[in-house]
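Asker: pasted the sequence and its predicted model underneath.
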Amino acid sequence: MIFPRIHKTSIDKWIIVGLGNPGQKYNQTRHNVGFMVIDYLCRLHNIKPGQNKCQAMIGEGTIEEKDVVLAKPDTFMNLSGRAVVELCKRYRVPLSQIIIIHDDVSLPVGKIRVRQQGSSGGHNGVQSIIDCLGTKEFPRIRIGIGSSPEGTDMAEFVLSRFEEDEKLKITQSIELIATTVATILTAGVVAAMNMNSKG
């Protein structure tokens, strides 16, 4: 599927999508750290989650006086692009105002990186979004979940939960991502990249 061009856009609205897998089985797993960020943003900004729209659970509200849609796709990770396309169609936002938040096994636990665009880096959820939108040009925030120990299956590792000594790092990183999101909304992705590079 190729994302159709949108001629009428909602310039002041942003879509923030955290990637993960729906269901209690996957709750709080490494692969669901994107969901964890969305849950935190909802609590922080008093946004009520739970509306089922566009193949996602969403909450609508404001962050830094910007209208936002916070979304957790219910398509499962490998089909995340379907939900993102539906969200784009419904809310008519430019691709530069879609922020994808996802886990990254190439970064140490809790490390954050912001990118304006780029490849999937082997992440199936991001690749699904690229395939469905027909472009790599959308902002994303990557949060490190560590690499799988030698001899451990990668799929098994990303679906595991954080160790006790990793949980504080992840909590602190999620709080920092909330600040990063606010920076993107008010000052742009480049400003957030520069801020993040100092951390």
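Answerer: Great, that's in hand.
Asker: list phi and psi for Arg142.
Answerer: Phi and psi for Arg142, reported as degrees, to the nearest 10, are phi -100, psi 140.
Asker: isn't Phe162 up against Gly110?
Answerer: No: counting by C-beta atoms under 8 Å, Gly110 is not a contact partner of Phe162; they are 9.7 Å apart. All C-beta atoms are positioned from the backbone trio N, CA, C, and that covers glycine.
Asker: quick one, phi psi at the residue nearest to Leu107 when sequence neighbours are not counted?
Answerer: Leaving aside its chain neighbours, Leu107 sits nearest to Gly144 (2.8 Å; criterion: C-beta to C-beta, 6 or more residues apart in numbering). For Gly144, the backbone dihedrals (degrees, to the nearest 10) come out as phi -70, psi 140.
Asker: any idea what Gly144 is bridged to?
Answerer: In this entry, Gly144 is beta-bridged to Asp104, by DSSP bridges.
Asker: and the contacts of the longest helix belonging to the chain?
Answerer: Identified as the longest helix of the chain according to DSSP state H is helix 164-187. Residues outside helix 164-187 that contact it (C-beta atoms under 8 Å, 6 or more residues apart in numbering) are 14, 16, 33, 36-37, 40-41, 44, 63-64, 66, 68, 99, 101, 109-112, 114, 139, 141, 143-144, 146, 162, 191-192, 195-196, 199.
Asker: repeat that for 6 Å
Answerer: Around helix 164-187, the neighbours that count as contacts under C-beta atoms under 6 Å, 6 or more residues apart in numbering are 36-37, 40-41, 44, 63-64, 66, 109-110, 112, 141, 143, 162, 191-192, 195.
Asker: may I see the buried residues of that helix?
Answerer: For helix 164-187, burial by neighbour count (16 or more other C-beta atoms under 10 Å) applies to 166, 169-170, 173-174, 176-178, 180-185.
Asker: so who does Asp131 touch?
Answerer: So Asp131 contacts Gly81 (C-beta under 6 Å, 6+ apart).
Asker: what's the angle from the lowest-mean-pLDDT helix or strand in the chain to helix 164-187?
Answerer: Every helix and strand of the chain was ranked by mean pLDDT, DSSP states H and E. The lowest is helix 189-197, at a mean of 88. Here helix 189-197 runs at an angle of 150 degrees relative to helix 164-187 (axes from the mean of the first three to the mean of the last three C-alpha atoms, to 10 degrees).
Asker: what about helix 189-197, distance to the chain center?
Answerer: 16 Å (C-alpha atoms, centre = their mean, to the nearest Å).
Asker: which strands or helices does it pack on?
Answerer: Under the contact criterion of 3 or more C-beta pairs under 6 Å, 6 or more residues apart in numbering; DSSP states H and E, helix 189-197 touches strand 112-115, helix 164-187.
Asker: how about the helices in the chain?
Answerer: 33-44, 80-91, 124-133, 154-158, 164-187, 189-197.
Asker: out of these, flag the one nearest Asn27.
Answerer: helix 33-44 (8.0 Å; C-beta to C-beta).
Asker: noted, bye for now.
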